[in-house]
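Colleague: Pasting a predicted model and its sequence here:
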Amino acid sequence: MKIQADVATIDILGHIILWFLLIMVTFGIAAFFYPYSFSKFVINRSELIDDQGKARKMSCNTDLFGNIGHVILWMIISILTLGLGYAFYFYKVWNYSLNNTTLSN
């Protein structure tokens, strides 16, 4: 089995520009929501290909406001650690997103 991602360069550019503007407008608060959007962006454009070549689309089942408690907790940790906690937060979001990913038939 392998995972194949189909993420177009123009999609990446649009995603980066959108989140850059959101982070600037919200004075950095949107940076705590960005990892969820980033992981969902990549996972939803990926598929699992089995040994027979059958592709199964991956779907990340997270939403922006369903994770608000997680965001607030890591926002506090990041502030208390003067930003060092954010690096760990990014990994924890990927862990959370992958654990909430399903495969279609």
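Modeller: Right, received. Where do you want to start? Every value quoted in this text rests on a predicted model; they were computed, and no experiment measured them.
Colleague: Could you pick out the longest strand of this structure?
Modeller: Longest strand in the chain, counting residues (DSSP state E): strand 55-60.
Colleague: immediately after that one, which helix or strand?
Modeller: Later in the chain than strand 55-60, the nearest helix or strand by DSSP states H and E is helix 68-80.
Colleague: helices and strands around that following helix, which ones?
Modeller: helix 85-99 (3 or more Cβ pairs under 8 Å, 6 or more residues apart in numbering; DSSP states H and E). Quick note: C-beta positions are derived from backbone N, CA and C, even for glycine.
Colleague: Helix or strand next in line after the helix it packs on, which one?
Modeller: Counting by DSSP H and E, the element that comes right after helix 85-99 along the chain is strand 101-103.
Colleague: Any regions of the chain where pLDDT drops low?
Modeller: Nowhere does the chain drop to pLDDT under 70.
Colleague: Nearest residue to the most centrally placed residue in it in space, please, no chain neighbours.
Modeller: In the chain, the centroid-proximal residue (Cα atoms, centre = their mean) is Ser39; its distance is 2.0 Å. Excluding the flanking residues, the one nearest Ser39 by Cβ to Cβ, 6 or more residues apart in numbering is Ser97, at 3.8 Å.
Colleague: my read: the one you found touches Ser37, true?
Modeller: No - the pair Ser97 / Ser37 is not scored as a contact, 10.0 Å apart, by Cβ atoms under 8 Å.
Colleague: picking up where we left off before, pairing partners for the longest strand of the chain, with directions?
Modeller: Sheet pairing of strand 55-60 (DSSP bridges) gives strand 46-49 (antiparallel), strand 101-103 (antiparallel).
Colleague: could you dump the longest helix along the chain to CSV, C-alpha only?
Modeller: Ranked by number of residues, the top helix in the chain under DSSP state H is helix 9-25. The C-alpha coordinates for helix 9-25 follow below in CSV (Å, rounded to 0.1, in the frame of the first residue of the first chain):
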residue,chain,number,x,y,z
THR,A,9,1.1,24.2,-6.8
ILE,A,10,-1.7,26.8,-7.5
ASP,A,11,-3.8,25.3,-4.7
ILE,A,12,-0.8,25.6,-2.3
LEU,A,13,-0.2,29.2,-3.3
GLY,A,14,-3.9,30.1,-2.7
HIS,A,15,-3.9,28.4,0.6
ILE,A,16,-0.8,30.1,1.8
ILE,A,17,-2.0,33.6,0.7
LEU,A,18,-5.4,33.0,2.4
TRP,A,19,-3.8,32.0,5.7
PHE,A,20,-1.2,34.7,5.6
LEU,A,21,-3.9,37.3,5.2
LEU,A,22,-6.0,35.7,8.0
ILE,A,23,-3.0,35.6,10.3
MET,A,24,-2.2,39.2,9.6
VAL,A,25,-5.8,40.4,10.1
